[in-house]
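*Asks:* With the sequence up front, the predicted model follows.
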Amino acid sequence: MHVSSPTTQPSLWSNWAGNQSARPSRVVTPGSVTELAEAVAAAAADGLPVKAVGSGHSFTPIAVTDGVLVRPDGLTAVREVDVEGGTVTVESGLPLERLNLLLHHAGLALTNMGDIMVQTVAGATSTGTHGTGRASGSIAAQIKALEIVLADGTVTRCSPSQDPQLFQGARLGLGALGVVSAITFGVEPAFLLTAHEAPMRFDEVLDRFDELASDNEHFEFYWFPHTEGCTTKRNNRSTGPAAPLPEFRRWLDDDFVSNTVWEGACRVGRAFPRTIPAIAKISSRAWSERTYTDTSYKVFTSPRRVRFVEMEYAVPREAATALLRELKRTVERSDWKISFPVEVRVAPADDLWLSTASGRDTAYIAVHLYRGTEQPGYFAEVERIMTAHQGRPHWGKLHTRDAEYLAGVYPHFGDFTALRDRVDPERRFANDYLRRVLGD
């Protein structure tokens, strides 16, 4: 079959963190859904698997393939902005940063976001990207309709009223059901957030965790291993007026200190691990108290240029404080030298089949290592602690779980795999990672 979308010679692809790579048979960059459908159909005719990849911000090999790699760089059109209806429809390759800008200019906003916005909309939703929220869930939970190219090249639309089973699965589909080509998000009038960031001791944060999570629309904190120090963040809606950080203060805190200085500190720690506890004590005091009010997406997100690898588990919210205390004791007993803080966020229960918050109020506990750092056993021990409480790993972050384990912690796991059997029986969109987490 003739494929009209641009096709490039195979080359090595690697993700943002540099821990995953692939050499696909061919790379296609479709400029329309028609070209995307032709590329998928051509791959089927040639017996090749297909994987789409966004900005490469997953740490797992979820996008790795030796078949056809779809780059959605040409699928960035804004199809519709419905201000009265509160929806926006965009193509799958549009970066979240551009989505935020177009919504802002239309006087609209997403209800919640993660803490970066470099991902494509389909990459972020397909892997379960989330922020923190008392009552507002992941980006995928804000989807109202989808357009997806199935294994035979058919372009299909789904929503709560049109193929609702496909919609239930494809909102957070891991790329296992097809290639998402367009997404309709529910949006709301633009709003301001007032951010209050303050240091707090570890024991105080945990003693007040339920209060802080319930009294604030968006609460999260970072604990610095080898210290008693935490940085807390509380974001709540504001009627204004806007009072953003002065440009120099924003650059100093969020760019220079959080990226340039932090990169240097991580490099020192990697070269001289014994310095890490001292660096951690300095770092835990470097983020001073501050309050500001700004456009929602500017408060939700920050630049992140220091590269790392990450593991994150979603656990029942009521188990979070006990798990964190166990994690802290484990770090203190070990010889590990952990330079990156542990990040803790929350989310309400949702109804997405493969959402890490499916059916239960959730706390997210994320651990990181600066890239190139060796701390044998750290991630494995964190995983042991989390899985003892039915933890669910983030689909785009490092873990060792398989389909047998995951079937026991997701009530709708069987519904998703049955849907996959229906829409992709030949496993056109499979790879080794999906075979591990979903089964054959």
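*Replies:* On my side now, so go ahead. Just so it is clear, the model here is predicted, and its values are computed rather than measured.

*Asks:* So what does Asp415 look like in phi/psi?
*Replies:* Dihedral angles of Asp415 (phi, psi; degrees, to the nearest 10) stand at phi -60, psi -40.

*Asks:* and the gap between it and Gly186?
*Replies:* Separation of Asp415 from Gly186 (CB to CB, to the nearest Å): 23 Å. C-beta: built from backbone N, CA, C; applies to glycine.

*Asks:* And the strands in the stretch 1-150 of the chain?
*Replies:* Along the stretch 1-150 of the chain, counting by DSSP state E, counting those that start in this stretch, strands occupy 7-8, 13-14, 21-22, 26-28, 50-52, 68-70, 78-82, 87-91, 108-109, 143-149.

*Asks:* How far away from the center of its chain is the second one?
*Replies:* Mean C-alpha position of strand 13-14 versus that of the full chain (CA atoms, centre = their mean, to the nearest Å) differs by 19 Å.

*Asks:* Show residues contacting it.
*Replies:* Gln20, Ser21, Ala22, Arg23, Pro24, Val27, Val53, Gly56, Leu69 (CB atoms under 8 Å, 6 or more residues apart in numbering).

*Asks:* dump the residue contacts of the residue nearest to the last one when sequence neighbours are not counted.
*Replies:* Read that as Leu69. Leaving aside its chain neighbours, Leu69 sits nearest to Pro24 (3.9 Å; criterion: CB to CB, 6 or more residues apart in numbering). Listed by CB under 8 Å, 6+ apart, the contact partners of Pro24 are Pro10, Trp13, Lys51, Thr65, Asp66, Gly67, Val68, Leu69.

*Asks:* Tell me the predicted confidence for the last one.
*Replies:* If you check Leu69, the pLDDT there is 98.

*Asks:* can you tell me the helix or strand for Thr156?
*Replies:* Using DSSP states H and E, Thr156 falls within strand 155-158.

*Asks:* can you check Ile385 too?
*Replies:* With DSSP H and E as criterion, Ile385 is part of helix 378-387.

*Asks:* circling back to that earlier point, pick the most deeply packed of the strands of the stretch 1-150 of the chain.
*Replies:* Among those, strand 50-52 has the highest mean neighbour count (mean count of other CB atoms under 10 Å), at a mean of 28.

*Asks:* so how far is the strand holding Thr156 from its chain's centroid?
*Replies:* Distance, centroid of strand 155-158 to centroid of chain: 24 Å (CA atoms, centre = their mean).

*Asks:* Break this structure down into its domains, please.
*Replies:* Annotated domains of the chain cover 7-72, 74-189, 192-393 [automatic domain parsing].

*Asks:* can you put the contacts of strand 13-14 in CSV and add distance to Lys397?
*Replies:* Compiled in CSV, those are given as follows (distance: CB to CB, whole Å):
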residue, distance to Lys397
Gln20, 12
Ser21, 17
Ala22, 18
Arg23, 23
Pro24, 23
Val27, 25
Val53, 16
Gly56, 13
Leu69, 21
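
*Asks:* how about these, which pair is most distant?
*Replies:* The distance between the two most remote of these (CB to CB) is 15.8 Å, for Gln20 and Val27.

*Asks:* one step back: check which element follows the helix holding Ile385 along the chain.
*Replies:* As assigned by DSSP H and E, the chain's next helix or strand after helix 378-387 is strand 392-393.

*Asks:* tell me which strands and helices that following strand is in contact with?
*Replies:* For strand 392-393, the packing partners by 3 or more CB pairs under 8 Å, 6 or more residues apart in numbering; DSSP states H and E come out as strand 308-316.

*Asks:* who does the strand it packs on pair up with?
*Replies:* strand 362-370 (antiparallel), strand 392-393 (antiparallel) (DSSP bridges).

*Asks:* Out of the contacts of Pro24, which comes closest to Val423?
*Replies:* Distances from Val423 to the contacts of Pro24, taken by CB to CB, are shortest for Lys51, at 15.8 Å.

*Asks:* Not counting sequence-adjacent ones, nearest residue to the closest one?
*Replies:* Nearest one to Lys51, counting by CB to CB, 6+ apart, is Thr65 at 3.9 Å.

*Asks:* And that neighbour, what's its pLDDT?
*Replies:* For Thr65, pLDDT reads 98.

*Asks:* now swap in Asn259 and tell me
*Replies:* 81.

*Asks:* quick one on the thing from earlier: distance to Ser238 for the strands of the stretch 1-150 of the chain - can I get that in TSV?
*Replies:* Formatted as TSV, the strands of the stretch 1-150 of the chain follow (distance: least, CB to CB, whole Å):
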stretch	distance to Ser238
strand 7-8	47
strand 13-14	41
strand 21-22	44
strand 26-28	45
strand 50-52	38
strand 68-70	41
strand 78-82	25
strand 87-91	23
strand 108-109	13
strand 143-149	27
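
*Asks:* Tell me which of those sits nearest to Ser214.
*Replies:* Per CB to CB, nearest to Ser214 of these: strand 108-109, 23.2 Å.

*Asks:* Just name whatever secondary elements that closest one is in contact with.
*Replies:* Strand 108-109 packs on strand 188-189, going by 3+ CB pairs under 8 Å, 6+ apart.

*Asks:* And the next helix or strand after the strand it packs on, what's buried?
*Replies:* Next helix or strand after strand 188-189 toward the C-terminus (DSSP H and E): strand 192-201. Residues of strand 192-201 classed as buried: Leu192, Leu193, Thr194, Ala195, Glu197, Pro199, Met200 (neighbour count, 16 or more other CB atoms under 10 Å).

*Asks:* got it, and stretch 410-420?
*Replies:* So for stretch 410-420, counting by 16+ other CB under 10 Å, buried means Tyr410, His412, Phe413, Phe416, Thr417, Leu419, Arg420.

*Asks:* residues in contact with that stretch?
*Replies:* Stretch 410-420 is contacted by residues 165-166, 168-169, 176-177, 353-354, 358-359, 392, 403, 406-407, 438-439 when judged by CB under 8 Å, 6+ apart.

*Asks:* Let's see if you can find the most crowded of these.
*Replies:* The most crowded member of those, judged by other CB atoms under 10 Å, is Gly169 (29 neighbours).

*Asks:* re the thing from before, can you pull the contacts of the residue nearest to Lys51?
*Replies:* Ala22, Pro24, Pro49, Val50, Lys51, Asn431.

*Asks:* contacting residues around the fifth one?
*Replies:* Applying CB under 8 Å, 6+ apart, we find Lys51 in contact with Pro24, Ala63, Val64, Thr65, Gly67, Val68, Leu69, Val70, Gly175, Phe429, Asn431.
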